[in-house]
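heads up, no residue letters with this:
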């Protein structure tokens, strides 16, 4: 089918990989739970755009070139580690407010959520490895229109990712309404998220 060698194995693998907690999903959930639904969907849009860019890079061979050049891959890895650590430190230092999600979510905060999510997605080594190593395994090189295959595989990834992120955002926005008057709980959440992002960054740098 469209040059995909084993469609259902690919779908199953994609679902399992996306369900593994990572910086992307954690950031979308955090935005939804602390800033409201609009910020959550803005973050999700940033993740989707970032993944699309990585898919295009994989289809153009940029990802394979990076795999063949350890120095280039390490540069991306260290940039990713630094950015995740920065996001974590910012969350640790953030001051919680008692605003409702509707008040807290402004066009500025939505744009900021989009830009931050886009940056996290572009330096997400798990996603880069996915498109470099997992993606090509299901492409039939003898299929006359290989770009159709990449497009179909990419569509499946985005469909699963958007469905998962939407679920997280709806759960997170519901949580935000419950946390709107509990500043201490929002503070604890920020500290927890900040610690997780710093640990993501350190683990990425040390691997």
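Great, that's in hand. All values reported here derive from a predicted model rather than from experimental measurement.

give me the mean pLDDT for the longest helix anywhere in the chain.
If you go by DSSP state H, the chain has its longest helix at helix 146-179. Averaged over helix 146-179, pLDDT sits at 84.

helices of this protein, residue ranges please.
7-19, 23-35, 37-60, 62-68, 70-93, 101-104, 107-122, 125-129, 146-179, 183-206.

who are the packing partners of the fifth one?
With contacts defined as 3 or more CB pairs under 8 Å, 6 or more residues apart in numbering; DSSP states H and E, the secondary structure elements packing on helix 70-93 are helix 23-35, helix 62-68, helix 107-122, helix 125-129, helix 183-206. (Glycine included, C-beta is placed from N, CA and C.)

lowest average confidence across those helices, which one?
helix 62-68 (a mean of 64).

quick one: contacts of stretch 154-169?
For stretch 154-169, contacts defined as CB atoms under 8 Å, 6 or more residues apart in numbering pick out 10-11, 14-15, 18-19, 25, 28-29, 32, 37, 40-41, 44, 47-48, 51-52, 55.

quick test: name the residue nearest the centre of the protein.
By CA atoms, centre = their mean, the mean C-alpha position of the chain lies nearest to residue 24, the distance being 2.5 Å.

enumerate every residue touching that residue.
47, 117, 120-121, 124, 127.

separation between the residue nearest to residue 50 when sequence neighbours are not counted and residue 148?
Once flanking residues are discounted, residue 50 sits nearest to residue 121: 2.5 Å by CB to CB, 6 or more residues apart in numbering. Distance, residue 121 to residue 148, using CB to CB, to the nearest Å: 24 Å.

one step back: packed most tightly, which of the helices of the chain would that be?
helix 23-35 (a mean of 25; mean count of other CB atoms under 10 Å).

check the offset of that one from the chain's centre.
Centroid separation between helix 23-35 and its chain, computed with CA atoms, centre = their mean, to the nearest Å, is 10 Å.

can you give me phi and psi for residue 123?
phi -110, psi 20 (degrees, to the nearest 10).

and it, how far from residue 203?
With CB to CB as the criterion, residue 123 and residue 203 are 14 Å apart.

do residue 30 as well
Using CB to CB, residue 30 is found at 18 Å from residue 203.

good, wrapping up.
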